[in-house]
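[1] this one's structure only:
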């Protein structure tokens, strides 16, 4: 496969790669969710890390891995639980960022200019938004995929996500309430898919260049 062929078909390759990775992670997460809680309890903190990574890394389809965390949390130290699950889920959320990063290759030059302008605006409040999405039941893909599209700093996104996920898991382990619990039924998955599609459309319709000129720091 020549480099010229890849360059000519880069949009098709990027979209195909995003679709394959997204579906693969989602199916893996669905399988992991159906394993009994005793299985994850038996393999300890590495299992918690893996469960959280797979659950958070699922794309579009909501995987309520926090339900399992809530069920098995009494058997673990809350601090170690927070570190294992918080780190795993934060890294899992970066799957959406990576898909958006790769998906940028499918954009035309004009759309890339729009994403660059959006990035200049997002630098002012991006970390706060990432923390809120990571801490609350809001579907993280609604923000992480666009972050990848605009090439927002992965380290800033990861740092804010780690803080949010640590806070979420600590709440689950200590307070005993499931944060981010969503049912995995088809209507919820369809709703999130529609919301994500609408958000992407809105991002592309807004003239981010003009907004950047108006609100970016002088």
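    Arrived safely. The structure presented is a predicted model; accordingly, all values stated were derived computationally and were not measured. Residues are numbered from 1 along each chain as shown.

[2] buried residues in the helix or strand hosting residue 98?
    Assigned by DSSP states H and E, residue 98 belongs to helix 78-103. Of all the residues in helix 78-103, those buried under the rule 16 or more other C-beta atoms under 10 Å are 78, 81-103. Bear in mind the C-beta positions are built from the backbone N, C-alpha and C, glycine included.

[3] same thing with stretch 144-164?
    So stretch 144-164, judged by 16+ other C-beta under 10 Å, has buried residues 144-150, 152, 157-158, 160-164.

[4] Report the separation between the two terminal residues of it.
    Using C-alpha to C-alpha, to the nearest Å, one end of stretch 144-164 lies 13 Å from the other.

[5] now swap in stretch 57-69 and tell me
    Taking C-alpha to C-alpha, stretch 57-69 runs 16 Å from one end to the other.

[6] Over to stretch 140-157?
    12 Å.

[7] Use 748 as the first number for this chain going forward.
    Let's use 748 as the start, then, which means that last one is stretch 887-904.

[8] Average pLDDT for that stretch, rounded please.
    Stretch 887-904 comes out with an average pLDDT of 79.

[9] And stretch 911-921, by the same measure?
    The model assigns stretch 911-921 a mean pLDDT of 84.

[10] Okay, buried residues for that stretch please.
    Neighbour counts over stretch 911-921 (16+ other C-beta under 10 Å) mark 911-920 as buried.

[11] Could you find the closest non-adjacent residue to residue 803?
    Nearest non-adjacent residue to residue 803, counting by C-beta to C-beta, 6 or more residues apart in numbering: residue 839, 3.1 Å away.

[12] just residue 841 next, same as before
    The shortest distance from residue 841 to any non-neighbouring residue, by C-beta to C-beta, 6+ apart, is to residue 905 (6.1 Å).

[13] Go ahead and list the helix or strand containing the one you found.
    Taking DSSP H and E as the criterion, residue 905 maps to helix 901-917.

[14] Run through who's touching that helix.
    For helix 901-917, contacts defined as C-beta atoms under 8 Å, 6 or more residues apart in numbering pick out 799, 803, 813, 816, 825, 828-830, 832-834, 836-838, 840-841, 844, 848, 873-875, 877-883, 887, 891, 894, 926-927.

[15] about what we covered before: let me know the closest of the buried residues of stretch 891-911 to residue 795.
    Distance to residue 795 across those (C-beta to C-beta) is lowest for residue 909, with 15.4 Å.
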